[in-house]
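Asks: quick one: sequence and predicted model below, then my questions.
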Amino acid sequence: MKILGIETSCDETGIALYDGKANRILFEALYSQAEKHNLYGGVVPELAARDHINRLLPLLKNTMKESCLEMREIDAIAFTNGPGLRGPLMVGAGFANSLSYALDIPVIPVHHMEAHLLMAKYEADKLPYPFVSLLVSGGHTLIVKVLSPNEYNVIGQTKDDAVGEAFDKTAKLLKLGYPGGPEIERRALLAKGKHNFSFPRPMIDSKDLNFSFSGLKTSVLYKVNELSEKEDLSDDAVNDIAFEFQNAAIDCLIRKSLKACEIEESKFLVLSGGVAANKYLRNELEKHKGAINLYYPDQKHCTDNGLMIAFAGFQKITNQSKDFRIDVAPRWSLENVK
């Protein structure tokens, strides 16, 4: 069964053709708008939606050409139905629905975070259910117990900012550009430890599995203001701030993830979402592989892409989910997925 996946939840236009029976990618294409939005320090929803309109058809035509397939050979279309930005979601939903009508094939709405969750299964098919997932992105920070492709229990979440949002806002404070995550990681590698910065690890010792990152972000703001007043915000200082911020944020993620595995008596931890591309986070979790079995997608499939939508769509077809809506849901809890 050949599934066309369409991703337009935010600022990346993703198209992929996936053969479910063979479990292989036929072709995938991705266009990132990061450079466009860097001018504004973050995503501008209206600009993102307009750019998706311009990119979808050329990407689809290229995908069909490179895969050497005809449109009539597509069996179903999966698209991101939410959560995300309403305008970009509407563009993808309209495009997918129009294609499904023209080709007379099923259209499958996919929860964006569910697609991130399931990507580890694409590369590790033998990963058993249930498992625990740390799902971290620009808009979400969740710990999820995954019972099946349609059944999820959120057992921990951020009480304020998502960790990816905290990375982006910290990068903006340090004037590092957008997207902030890769820049923070890059500058942290350059740190020389000349400054003895120490930032808080909010809620790291709390009894629950929840997170908080607003206080950490505020601590960075105070330190940046303090150094700016002294005209001492040098490149070395920026690097050291990036290093300590990243350490603090990732300490919290790891502590709560391991605690979740202990509480749920799970030996299987899946790292997913855009922040899962962070090499420092991966390396720190790898240190615990004796206690847990760790899974994560390759780096290019951690961030938004069309393959994860196609793969999740195939799971929903094969698991006979019948909730095939074509409206969009900018706010949509994982626990309401059916």
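Replies: Everything's here; your move. Numbers count the residues shown, from 1 in each chain.
Asks: phi first, then psi, for F211.
Replies: Main-chain dihedrals, F211, degrees, to the nearest 10: phi -130, psi 160.
Asks: for K217, see how far away it is.
Replies: Distance of F211 to K217, given as Cβ to Cβ, to the nearest Å: 12 Å. To be clear about C-beta, it is placed using only N, CA and C from the backbone, and glycine gets the same treatment.
Asks: more neighbours: those two, which one.
Replies: Using other Cβ atoms under 10 Å as the criterion, F211 and K217 rank with F211 on top: 28 against 22.
Asks: contacting residues around the closest residue to that one other than its chain neighbours?
Replies: Spatial nearest neighbour of F211, chain neighbours left out: T158 (4.4 Å); criterion: Cβ to Cβ, 6 or more residues apart in numbering. With contacts defined as Cβ atoms under 8 Å, 6 or more residues apart in numbering, T158 is in contact with 140-142, 210-213.
Asks: G156 is in contact with K145, correct?
Replies: No - at 9.6 Å, K145 does not count as touching G156 under the criterion of Cβ atoms under 8 Å.
Asks: find residues that contact each of these two.
Replies: Joint contacts of K145 and G156 (Cβ under 8 Å, 6+ apart) are A260.
Asks: so which of the two has more stuff around it?
Replies: G156 (23 against 19).
Asks: quick one, grab the pLDDT at the more buried one.
Replies: At G156, the predicted lDDT confidence score is 97.
Asks: I'd say it and F211 touch.
Replies: Yes - using Cβ under 8 Å, G156 is in contact with F211, at 7.0 Å.
Asks: what is in contact with those two at once?
Replies: K256.
Asks: buried set for the lowest-mean-pLDDT helix or strand in the chain?
Replies: Within the chain, no helix or strand scores below helix 34-38, which has a mean of 86 by mean pLDDT, DSSP states H and E. Applying a neighbour-count criterion of 16 or more other Cβ atoms under 10 Å, one finds H37 buried in helix 34-38.
Asks: continuing past it, what's the next helix or strand?
Replies: helix 45-67 (DSSP states H and E).
Asks: just checking: what are the partner strands of the next helix or strand after that following helix?
Replies: Remark: after helix 45-67, the chain's next helix or strand is strand 76-82, criterion DSSP H and E. The pairing partners recorded for strand 76-82 under DSSP bridges are strand 2-7 (parallel), strand 107-111 (parallel).
Asks: what's the most buried one of the ones you listed?
Replies: Neighbour counts (mean count of other Cβ atoms under 10 Å) averaged over each of the strands paired with strand 76-82 peak at strand 2-7, with a mean of 28.
Asks: list of residues touching whatever helix or strand comes next after that one?
Replies: With elements assigned by DSSP H and E, the helix or strand that comes after strand 2-7 is strand 12-19. Strand 12-19 is contacted from outside by 1-8, 24-33, 51-52, 55-56, 59-60, 63-64, 67, 69, 74, 303-307, 309-311, 314, using Cβ under 8 Å, 6+ apart.
Asks: I figured T63 hits I25, correct?
Replies: No - with contact defined as Cβ under 8 Å, T63 does not reach I25; the gap is 10.6 Å.
Asks: okay, now the unreliable bits of the protein?
Replies: Applying pLDDT under 70 to the chain picks out residues 319-326, 338.
Asks: the helix or strand harbouring Y222: what's the following helix or strand?
Replies: Per DSSP H and E: Y222 is located in helix 214-229. With elements assigned by DSSP H and E, the helix or strand that comes after helix 214-229 is helix 235-263.
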